[in-house]
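Q: sequence first, then the predicted structure, then my questions.
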Amino acid sequence: MNKVILMGRLTRDPEVRYTTTNNTLVASFSLAVNRRFARQGEERQADFINIVAWDKTGEFCSKYFKKGQQVGVVGRIQTRNYDDKDGKKVYVTEVIAEEAYFADTKREAEVNPFATPNTAVDAPFNPATAPSEFTPVTDDDLPF
């Protein structure tokens, strides 16, 4: 099975091209995806992953995604190779987007589209700081 689910921030606006054979839209962009864990005393690291979106998905990405936005992408990994103009073989690994989603809250995107990742998502749940509509649940409350 080849399935990838990513959430990260766009490092640049999507770049749009059209194929020469049948004029199909292709949008390309890169996501900075934070690694989940960092060693004590080290800064959190990110991986920069190239994304390619075709047709309607590409159209959506090119129209609504902007640099700095946090987005979600579901797709598959694809590898390919070609010979460059000097005759050297170039290997490419990229994610072909099959689905794309907004991951910023509307307010967060309006206030600062280039905000740092939402630390509330990365932090463990803390009932003391949870919004009032959430009720803490103990193991005794679970039906299983």
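A: Done, it's in. Numbering: from 1, shown residues only.
Q: please export the C-alpha coordinates of the longest helix along the chain as PDB.
A: Taking DSSP state H as the criterion, the chain has its longest helix at helix 55-64. Extracted C-alpha coordinates of helix 55-64, given in PDB (Å, rounded to 0.1, in the frame of the first residue of the first chain):
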ATOM      1  CA  ASP A  55      -6.300  18.400 -12.500                       C
ATOM      2  CA  LYS A  56      -9.000  19.600 -10.000                       C
ATOM      3  CA  THR A  57      -6.800  19.000  -6.900                       C
ATOM      4  CA  GLY A  58      -4.100  21.100  -8.600                       C
ATOM      5  CA  GLU A  59      -6.600  23.800  -9.500                       C
ATOM      6  CA  PHE A  60      -7.800  23.900  -5.900                       C
ATOM      7  CA  CYS A  61      -4.300  24.200  -4.500                       C
ATOM      8  CA  SER A  62      -3.200  26.900  -7.000                       C
ATOM      9  CA  LYS A  63      -6.300  28.900  -6.300                       C
ATOM     10  CA  TYR A  64      -6.500  28.800  -2.500                       C
END
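Q: and that helix, which residues are buried?
A: Buried positions in helix 55-64, judged by neighbour count with 16 or more other Cβ atoms under 10 Å: Thr57, Gly58, Phe60, Cys61, Ser62. No exception for glycine: its C-beta is placed from N, CA and C like everyone else's.
Q: for that helix, packing partners?
A: strand 25-34, strand 46-54, strand 89-102 (3 or more Cβ pairs under 8 Å, 6 or more residues apart in numbering; DSSP states H and E).
Q: against which helices or strands is the last one packed?
A: With contacts taken as 3+ Cβ pairs under 8 Å, 6+ apart, strand 89-102 sits against strand 46-54, helix 55-64, strand 70-83.
Q: over to the shortest one?
A: When contacts are defined as 3+ Cβ pairs under 8 Å, 6+ apart, strand 46-54 packs onto strand 4-10, strand 25-34, helix 55-64, strand 70-83, strand 89-102.
Q: mind doing that once more with 6 Å?
A: strand 25-34, strand 89-102 (3 or more Cβ pairs under 6 Å, 6 or more residues apart in numbering; DSSP states H and E).
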